[in-house]
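**Q** Starting from these lines, generate the structure:
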Amino acid sequence: MNTASAAAAGVRPRLEVLSPAAIRRIHEATLEVIEKVGVRFPSEQALDIWAAHGATVDRATSIVKVPAHVIEAALRTAPPAYTLAARNPAQDLPLDGHHVGVGTDGCGIEVLDPWTLEVRRSTLADVADIARVGDALDQVDFHWVAVSAQDTDPATRTHEELLAVWRNSTKHVQTETVVTAPDARTAIEMAAVVAGGRGALRQRPVLSMMQCTISPLAHDGGPIEASLVAAEAGVPVGFMTMASCAFSGPATIAGSLIVGNAEVISAMALMQLAFPGSPVYYAAAQTAMDLRTGAYTGGGPEDFLFGAATNELADFYNVPLSMGAFATGDKRSGWQAGLENGLSAFMASVSGADMLLGVGLLHGSRIWSFEQMILDAEIASIVEAMLRGIPFDDEALALEAIAEVGPGGEYLTLPHTRKAMKGLWKATYLDRRTYGQWHDDPDKYHRDALERARSLIKNHRPEPLDPAVDRELVGLIERHRQAAMAS
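**A** Numbering: from 1, shown residues only. Modelled structure (predicted):
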């Protein structure tokens, strides 16, 4: 969603849920937690970096306690803005505070089959089909690997998935399944081939990575070491907290914000200590545990408040933000999905997120639905229209048209109307028919969304990879497989 070109004299809507004093209090409390409680980094490489910069390192527990000034100084070297490059430069996504990019989410394990309408295990063909549909939708700005290719060799699965996306879309690719240093090195070699070399990749990163923290207050060693490989290559890397109130975080929103914030900024600081100036981003998908079942909720009021508050924390640290939105907890495309995805997308966008994740996923990111992807794109288009705000230039004020019509007239036939009406939002899948038309065919728009997805799967063909590039990528995957077998 491009929100960079503000309307003349208009103001982009902006929501704030934290006062400057509250942000400062959360920051100070976070530094206190990192320095006195500590964060677990089970990686000798990471522990060595921390020790070299004055942290207290307990190698028996892998817990580091870092002085506040070390964290703050490290974060100041992180770039405030950069661009996620696409194979097609026209589809680049600037992370500059003026754009909201919408992407898929991952890594689902089941697919609501678009032909049989039965839920089944996800495959590599699904990864390709999802990328193809996402490539065709204007509202989808970048890709996550949305589902797991469970029919592929686990040793090379993440690389097969990356290749499938690059083969079926010219947009930016972000992965959450590169979780070891060897996997990261191969993924970055692949990205360098797509970009045109290591130097070109540093200038135009066609790949970015995201790693989940382990709440509360811990990281996994493999993902941290994979992130260090990415940071060294200039590939953007983000860290997502999913701290859940009353389970993996305190029962209060503020307390869980502090726990998640400690996880994220400690990892970003580590990247900066190792490779100052490397591109990093804040990521979050915090929630509150369902008090009846203990489940991850994905759509309650706490989620929406977390979305807005985390944006303000990312702004405080002057880094881009990736925010979990969409990815409803509903098991089908229905009322609950529309409510949860609409509110989460709006709250995150109106508070300034750079990236929104989750289109197309149901049941809290477990089940992929092509129909939901199409409907989520409609939600994204509504949010985009709201973010444009209200223009107040001479054309928008319409004083000449008002004078021409006068009291008691109509505007439908005016040339001004024919010109200006093109700027009004138009629904595609919201049902605005008469009651009688709806009664005769109540499922029309759900069926239309599914039929559009089916058509795009069958017919949309993005610009292919250069055959030589494709062969080189296949060769890299095979070499990685052979190395994995030998180890």
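**Q** For Pro442, give its distance to Arg454.
**A** Per C-beta to C-beta, to the nearest Å, Pro442 is found 20 Å from Arg454. No exception for glycine: its C-beta is placed from N, CA and C like everyone else's.
**Q** Who has more neighbours out of these two?
**A** Remark: of Pro442 and Arg454, Arg454 carries more neighbours, 16 against 11, as counted by other C-beta atoms under 10 Å.
**Q** Per-residue pLDDT of the more buried one, please?
**A** If you check Arg454, the pLDDT there is 97.
**Q** you'd agree it is up against Pro114?
**A** Yes. Counting by C-beta atoms under 8 Å, Arg454 touches Pro114, with 5.5 Å between them.
**Q** Can you pull out the low-pLDDT segments for the chain?
**A** Counting by pLDDT under 70, the chain contains low-confidence residues at 1-11, 297-298.
**Q** let's see 80
**A** Residue ranges of the chain with pLDDT under 80: 1-13, 294-299.
**Q** Can you name the residues bridging to the residue nearest to the spatial centre of the chain?
**A** Taking C-alpha atoms, centre = their mean, the centroid of the chain lies closest to Leu357, which sits 3.4 Å from it. In this entry, Leu357 is beta-bridged to Gly103, Gly324, by DSSP bridges.
**Q** what's the overlap in contacts for Arg454 and Pro114?
**A** Contact criterion C-beta atoms under 8 Å, 6 or more residues apart in numbering; residues shared by Arg454 and Pro114: Phe370.
**Q** domain parsing for this structure?
**A** Following automatic domain parsing, one gets these domains for the chain: 1-392+427-487, 394-423.
**Q** Most tightly packed of the ones you listed?
**A** Highest mean neighbour count of the domains of the chain: domain 1-392+427-487, a mean of 20 (counted as mean count of other C-beta atoms under 10 Å).
**Q** For the stretch 151-300 of the chain, just list every one of the strands.
**A** Assigned by DSSP state E, counting those that start in this stretch, the strands in the stretch 151-300 of the chain fall at 172-175, 207-212, 237-241, 244-245, 280-284, 287-288.
**Q** and the longest helix for the chain?
**A** Ranked by residue count under DSSP state H, the longest helix found in the chain is helix 253-274.
**Q** Compute the inter-axis angle for that helix and strand 207-212.
**A** If you take axes from the mean of the first three to the mean of the last three C-alpha atoms, to 10 degrees, helix 253-274 sits at 130 degrees to strand 207-212.
**Q** Would you mind writing the CA trace of helix 253-274 as CSV?
**A** Extracted as CSV, the C-alpha positions of helix 253-274 are listed here (Å, rounded to 0.1, in the frame of the first residue of the first chain):
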residue,chain,number,x,y,z
ILE,A,253,-0.2,-5.8,28.2
ALA,A,254,2.5,-3.5,29.5
GLY,A,255,4.4,-6.4,31.1
SER,A,256,4.2,-8.5,27.9
LEU,A,257,5.4,-5.5,25.9
ILE,A,258,8.5,-5.3,28.1
VAL,A,259,9.2,-9.0,27.8
GLY,A,260,8.8,-8.9,24.0
ASN,A,261,10.7,-5.7,23.7
ALA,A,262,13.7,-7.1,25.6
GLU,A,263,13.8,-10.1,23.2
VAL,A,264,13.6,-8.0,20.1
ILE,A,265,16.0,-5.2,20.9
SER,A,266,18.6,-7.5,22.4
ALA,A,267,18.8,-9.4,19.1
MET,A,268,18.9,-6.3,17.0
ALA,A,269,21.6,-4.9,19.3
LEU,A,270,23.6,-8.1,18.8
MET,A,271,23.5,-7.7,15.0
GLN,A,272,24.7,-4.1,15.3
LEU,A,273,27.6,-5.1,17.6
ALA,A,274,28.7,-7.7,15.1
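**Q** That one versus strand 280-284: what angle between them?
**A** 160 degrees.
**Q** Quick check: Leu270 touching Val39?
**A** No. Between Leu270 and Val39 there is no contact under C-beta under 8 Å: 9.5 Å.
**Q** now the strands of the stretch 151-300 of the chain in CSV, with distance to Ala74?
**A** Below are the strands of the stretch 151-300 of the chain laid out as CSV (distance: least, C-beta to C-beta, whole Å):
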stretch, distance to Ala74
strand 172-175, 23
strand 207-212, 17
strand 237-241, 14
strand 244-245, 27
strand 280-284, 10
strand 287-288, 28
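**Q** Which of these sits closest to Ala254?
**A** strand 244-245 (10.1 Å; C-beta to C-beta).
**Q** by contact count, what packs against that closest one?
**A** helix 253-274, strand 287-288 (3 or more C-beta pairs under 8 Å, 6 or more residues apart in numbering; DSSP states H and E).
**Q** ok now that strand, how far from the chain's centre?
**A** 20 Å (C-alpha atoms, centre = their mean, to the nearest Å).
**Q** same deal with stretch 220-234?
**A** With C-alpha atoms, centre = their mean, you get 19 Å for stretch 220-234.
**Q** With stretch 212-222 instead?
**A** For stretch 212-222 - counting by C-alpha atoms, centre = their mean - the centre lies 19 Å from the chain centre.
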